[in-house]
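Colleague: Quick one, fold the following:
(one chain, ligands or ions: 1)
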Amino acid sequence: MSTALAEMPRRTSAYRPVSVARSRNLKKNYGEIVALRDLNLEIYAGELLALLGPNGAGKTTLVRMLLGLARPDSGSVSVLGSDPHLGHVQARVGAMLQVGRVPETLRVREHIDLFSSYYPAPLPIAETLKIAGIEDIKERPYGELSGGQKQRVLFGIALCGNPDLLFLDEPTVGLDVEARRLMWAQIRTLIGRGKTVLLTTHYLNEADALADRILVLDKGAIVAEGTPAEIKARAMGKQVRCTSRLSLEEVRQIPGVLSAKADRNAFELQVNAAEPVVRELLQRDSWLGDLEVTNAGLEEAFLALTQNHHTDASKERN
Ligand code: ATP
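Modeller: Numbering: from 1, shown residues only. As a prediction, the model looks like this:
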């Protein structure tokens, strides 16, 4: 990952990249399933690193290893210079996990009190409630809250210990647009306070809105890395739609086709540049019809970025 160091965004003139967590040649299999394959990662102090990937890419597995909650089959993990299992490391780390479950009957404030007590130098309770946006629901039992309110409480629990490093595993999953934007603002508050954040997400627009740097993970491997602008430039392509007598497999073989699928009686192709692909399609199939070229949206672009790598890896796993 030497390029990562060179490409790190400098957010202030005093900013120097200092590694706060890393993995080296991390491997994890669950039986036949390869969850992580030889993964090298570096997280730098003060950055928000987004780990972007589709379902099953390995994001949670990686976060769990960085938290010392799961052991790799091989390879190593180091957090704040030490083994993540160690107490002095855990005292400086906060986490919001997808399966974050807490007792339903305790009130919000009681949860924050309790979790704050596990840390040597927690934030004042009032500050945690404020940053997480849960002041107005602090007396409510957790079990009575909406999904979005629960997410905010789990976010408050993650940050109450005033950690240097935060792992936020899909913190906005299931939230509506307004709640998601609110959570983004709260995450930005943490970054403004100099925290380092590793955020996992399915959404390229979320990574784009928040991250200094994005790693795209797919099938347990990093398939792209860069600033949001670099990732978008790489991912934003064109979508070509057409009917054809060619088979899907033949269409996929055309140079420049990132991914292709059959949609009703047409093919839908993700490409970087449309013209060479269209030229080749017309050359190979004089019956080609219903041709449409459009700009790929963010979501299609993200799919193209990852589906491009669904080759041998998916065969291995299926
Ligand atoms: P999502 O976005 O859906 O949460 P993810 O990127 O976080 O996905 P992981 O949860 O890390 O992906 O899973 C990676 C792969 O490992 C998946 O194929 C998953 O089914 C598998 N996996 C994860 N945990 C286990 C487990 N405890 N036992 C068996 N397989 C597992």
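
Colleague: now the strands for this structure?
Modeller: For the chain, applying DSSP state E gives strands covering 19-30, 33-44, 48-52, 74-79, 93-96, 165-169, 196-201, 213-218, 221-226, 238-243, 257-263, 266-271, 289-295.

Colleague: need the ones you listed in JSON lines with distance to Arg181, mean neighbour count and mean pLDDT, can you?
Modeller: To be clear about C-beta, it is placed using only N, CA and C from the backbone, and glycine gets the same treatment. As requested, those are exported to JSON lines (distance: least, CB to CB, whole Å; neighbours: other CB atoms under 10 Å; pLDDT from 0 to 100):
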{"stretch": "strand 19-30", "distance to Arg181": "28", "mean neighbour count": "18", "mean pLDDT": "95"}
{"stretch": "strand 33-44", "distance to Arg181": "25", "mean neighbour count": "20", "mean pLDDT": "95"}
{"stretch": "strand 48-52", "distance to Arg181": "16", "mean neighbour count": "25", "mean pLDDT": "94"}
{"stretch": "strand 74-79", "distance to Arg181": "30", "mean neighbour count": "17", "mean pLDDT": "96"}
{"stretch": "strand 93-96", "distance to Arg181": "17", "mean neighbour count": "23", "mean pLDDT": "94"}
{"stretch": "strand 165-169", "distance to Arg181": "15", "mean neighbour count": "24", "mean pLDDT": "95"}
{"stretch": "strand 196-201", "distance to Arg181": "14", "mean neighbour count": "25", "mean pLDDT": "95"}
{"stretch": "strand 213-218", "distance to Arg181": "19", "mean neighbour count": "25", "mean pLDDT": "92"}
{"stretch": "strand 221-226", "distance to Arg181": "24", "mean neighbour count": "18", "mean pLDDT": "90"}
{"stretch": "strand 238-243", "distance to Arg181": "27", "mean neighbour count": "19", "mean pLDDT": "92"}
{"stretch": "strand 257-263", "distance to Arg181": "30", "mean neighbour count": "17", "mean pLDDT": "88"}
{"stretch": "strand 266-271", "distance to Arg181": "28", "mean neighbour count": "21", "mean pLDDT": "91"}
{"stretch": "strand 289-295", "distance to Arg181": "24", "mean neighbour count": "12", "mean pLDDT": "90"}
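
Colleague: Which among those strands is found nearest to Tyr142?
Modeller: strand 93-96 (14.4 Å; CB to CB).

Colleague: which residues touch the closest one?
Modeller: The contact list for strand 93-96 (CB atoms under 8 Å, 6 or more residues apart in numbering) reads 63, 67, 79-80, 84, 154-155, 157-161, 163-169, 171.

Colleague: ok, how many other residues are close to the closest residue to Tyr118 other than its chain neighbours?
Modeller: Leaving aside its sequence neighbours, Tyr118 sits nearest to Gly161 (CB to CB, 6 or more residues apart in numbering; 6.8 Å). By other CB atoms under 10 Å, 23 other residues sit near Gly161.

Colleague: Before I go, just wanted to say thanks for your time.
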